[in-house]
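**Q** the amino acid sequence is not available; the structure is as follows:
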């Protein structure tokens, strides 16, 4: 491993030296590299380096080589993107719709910035009272009911002097009484409820308080002041308060914006297609249930394979029908399914009613987000610096992937090749005999014989002598070796073969002195057959060999593209780029809902660059 790293460092040093002469072609200090008509800016490089997990990213010794390695991964991506554009892949439905979708996501986020985020302004008074609340942790009990009548009766009982803990003795059903104290911190409750709870003195209770799920009465048992002892504690507490207050104010501003924006908007869906989709979903989840489907989070998920099946079973006429009936540019059933997959669809229950309810909700969300995106584009927000920046990053990523996809279509793996791989990789597993022993190892034969006479075959006494006097490095604190493969005990192999479990051996001359062995236990050798038959492993092998073949072809193609494309690298700018050495992965929460990985995740792909640079050095 160390040798491979050293070779990598040397290789990357040569690359740096070779490319330094090309720096004169780039004058812009914000550009790290130029590949044809595409560029890699400092901003793109920094964001993608920081948010792409990498091997040994933490190593300061490898910092500059890691930066170069990642730069060549990005250059490879740009080369493949250029090839996709040359072959017209940017106009295919899959790629063009993905690019359009990502542009809408970021344009919608820009609209959120203008209409919501930029209008969140906190007053000093709000911050002060937020800090006051955040300084205290409350210990509370509560009573809950969906019925206002029941909760009113609870309140009357408390006013008559009945203790909170005794309410269950005077109240009937439909009351949830939690007498086990729970901790409440600033931000845990709805703001309207929180204000009432934080005004309580110890042993006081609130009036009935309304929440979306029903009615509550809270009882304050105790109040504990938080201690912020360090500057960091105080700064973190301040950030917490501001984050909670900004979130609440943002929700209020967004609620007002939604009421105004959507008040005169009505969009229908095609009822026949809706019924068709609902029936398909019911059938899919029924099949999952019958197959014993269980997800880690205990939810029922619709996956890409399911959506592909819906597309496959629908004829082209159905797929091209308008499903969401916008007045202008309706959304076809095909485009809706792609957006439906991107948004994700998960259920807690697969009853027909629940599937229908969640499908309607998801369609409503997709319609709302599409209307917001259209408003953003109407305002020209797709042309703002941030939107253009991220659209171009994702566009090149999608284009490079479309080029890679073309390679997989041309790969064919023969059965003989898979069989050969199977015979080399899937072998019998042989586990040698393992021995657990206790060794009494001393310097002289006389000392050993004296100890053995004192022990007189007593196993417990033997191990006590081992703990006290043995100089064997194999022994643990219990006077045992633990299980060791017999092949590692060659000096002892013959004598071990002559004794049974529980027996003590005769003295044995070894390199370190004189030894006697107590055989505590042994595990016989095990031979396991191949873990999988060829038929069971066939698909796995085909995938692995296909990926290897694609990677090989991809490297060759990228080298060819590099040799026919003008590539310039500003190594001085690259050297000055400040990056993080902490492996990070981030998901960005987008304005008006939705999540996306902060940047595309790129697998390391610098192998082509070593070949390319080597070829350049060989050219006279």
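**A** Done, it's in. In this text the structure is predicted, and so the values were computed from the model without any measurement.
**Q** so how far is residue 166 from the closest residue to residue 203 other than its chain neighbours?
**A** Spatial nearest neighbour of residue 203, excluding adjacent residues (CB to CB, 6 or more residues apart in numbering): residue 220 at 6.9 Å. For the C-beta atoms, the positions are set from N, CA and C on the backbone; glycine is no exception. Applying CB to CB, to the nearest Å, one obtains 17 Å for the distance of residue 220 from residue 166.
**Q** give me the more crowded residue out of those two.
**A** residue 220 (21 against 12; other CB atoms under 10 Å).
**Q** can you pull the contacts of residue 117?
**A** By CB atoms under 8 Å, 6 or more residues apart in numbering, the contact list for residue 117 reads 250, 591.
**Q** how about the one 5 residues further on?
**A** Residue 122 makes contacts with 242, 245, 246, 249, as judged by CB under 8 Å, 6+ apart.
**Q** quick one: residue 525 and residue 435 touch, right?
**A** No - contact between residue 525 and residue 435 fails when scored by CB atoms under 8 Å: they sit 11.2 Å apart.
**Q** coming back round to it: the residue nearest to residue 203 is in what secondary structure piece?
**A** strand 214-225 (DSSP states H and E).
**Q** in this structure, what helix or strand scores lowest on average pLDDT?
**A** Here the helix or strand of the chain ranked lowest by mean pLDDT, DSSP states H and E is helix 2-20, holding a mean of 44.
**Q** right, and the helix or strand after it?
**A** strand 31-35.
**Q** immediately after that next one, which helix or strand?
**A** That would be, after strand 31-35 and using DSSP H and E, strand 38-41.
**Q** partners of that next one, with directions?
**A** Neighbouring strands of strand 38-41 in its sheet, by DSSP bridges, are strand 31-35 (antiparallel).
**Q** list the buried ones in stretch 54-68?
**A** By neighbour count on 16 or more other CB atoms under 10 Å, the buried set for stretch 54-68 is 54, 57, 62, 64, 65, 66, 67, 68.
**Q** now do the helix or strand hosting the last one, average pLDDT.
**A** Put plainly, it is residue 68. Element membership for residue 68, per DSSP H and E: helix 63-86. Helix 63-86 shows a mean pLDDT of 93.
**Q** buried set for that helix?
**A** 64-85.
**Q** now that helix against strand 31-35, angle please.
**A** 40 degrees (axes from the mean of the first three to the mean of the last three CA atoms, to 10 degrees).
**Q** after helix 63-86, next one along is what?
**A** helix 93-115.
**Q** tell me what the helix or strand hosting residue 616 is packed against?
**A** Assigned by DSSP H and E, residue 616 belongs to helix 607-618. Identification of packing neighbours for helix 607-618 by 3 or more CB pairs under 8 Å, 6 or more residues apart in numbering; DSSP states H and E yields helix 2-20, helix 63-86, helix 534-563.
**Q** select, out of the ones you listed, the one closest to residue 610.
**A** Ranking the helices and strands packed on helix 607-618 by their distance to residue 610 (criterion: CB to CB) puts helix 2-20 first, at 5.6 Å.
**Q** mind checking the SS state of residue 52?
**A** coil (DSSP: H, G, I helix; E, B strand; the rest coil).
**Q** now residue 46
**A** Going by three-state DSSP: residue 46 is helix.
**Q** which pLDDT value goes with it?
**A** Model confidence at residue 46, given as pLDDT, is 94.
**Q** what sits against it?
**A** Contacts of residue 46 (CB under 8 Å, 6+ apart): 577, 578, 579.
**Q** most neighbours out of those, which is it?
**A** residue 579 (16 neighbours).
**Q** now, the contacts of residue 122 that are in strands?
**A** Secondary structure from DSSP state E places none of the contacts of residue 122 in strands.
**Q** export those residues to JSON lines and tack on pLDDT and neighbour count?
**A** Converted to JSON lines, the contacts of residue 122 look like this (pLDDT from 0 to 100; neighbours: other CB atoms under 10 Å):
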{"residue": "242", "pLDDT": "96", "neighbour count": "16"}
{"residue": "245", "pLDDT": "96", "neighbour count": "22"}
{"residue": "246", "pLDDT": "96", "neighbour count": "15"}
{"residue": "249", "pLDDT": "95", "neighbour count": "18"}
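**Q** which single one of these is nearest to residue 374?
**A** Minimum distance to residue 374 across the contacts of residue 122 is 26.4 Å, recorded for residue 249 (CB to CB).
**Q** so the residue nearest to residue 203 makes contact with residue 137?
**A** No - between residue 220 and residue 137 there is no contact under CB under 8 Å: 11.6 Å.
**Q** mutual contacts of the two, please.
**A** In contact with both residue 220 and residue 137: no residue, using CB under 8 Å, 6+ apart.
**Q** gap between residue 79 and residue 403?
**A** Distance from residue 79 to residue 403, by CB to CB: 9 Å.
**Q** and the contacts of stretch 382-397?
**A** With contacts defined as CB under 8 Å, 6+ apart, stretch 382-397 is touched by 38, 43-44, 48, 77-78, 81, 90, 98-99, 102-103, 106-107, 109-110, 376, 381, 599-600, 602.
**Q** what residues of it count as buried?
**A** Under the neighbour-count criterion of 16+ other CB under 10 Å, stretch 382-397 has 382, 384, 387, 390, 391, 392, 393, 394, 395, 396, 397 buried.
**Q** in helices only, show me these.
**A** Applying DSSP state H to these, the entries found in helices are 387, 390, 391, 392, 393, 394, 395, 396, 397.
**Q** let me see the confidence value for the last one.
**A** Among the per-residue scores, residue 397 shows a pLDDT of 96.
**Q** for the second one, same thing?
**A** Listed pLDDT for residue 390 reads 97.
**Q** now it: how far from residue 102?
**A** Residue 390 is 7 Å from residue 102, by CB to CB.
**Q** pull the most distant pair out of the buried residues of stretch 382-397.
**A** The farthest-apart pair in these, when distances are taken by CB to CB, is 384 and 397, at 20.1 Å.
**Q** quick check: of the contacts of residue 46, which lies closest to residue 237?
**A** residue 578 (28.7 Å).
**Q** dump the residue contacts of that closest one.
**A** For residue 578, the contacting residues are residue 46, by CB under 8 Å, 6+ apart.
**Q** secondary structure class for it?
**A** coil.
**Q** do the same with residue 500
**A** coil.
**Q** buried stuff in stretch 296-307?
**A** Applying 16+ other CB under 10 Å to stretch 296-307 flags 300, 302, 306, 307 as buried.
**Q** how about the helices of the stretch 351-500 of the chain, start to end?
**A** Remark: helices assigned in the stretch 351-500 of the chain by DSSP state H, counting those that start in this stretch are 352-378, 385-408, 415-425, 445-455, 459-469, 493-497.
**Q** quick one: residues contacting the residue sitting furthest away from the middle of the chain.
**A** Residue farthest from the centre of the chain, counting by CA atoms, centre = their mean, is residue 446 at 64.7 Å. Residue 446 sits next to no residue when contact means CB under 8 Å, 6+ apart.
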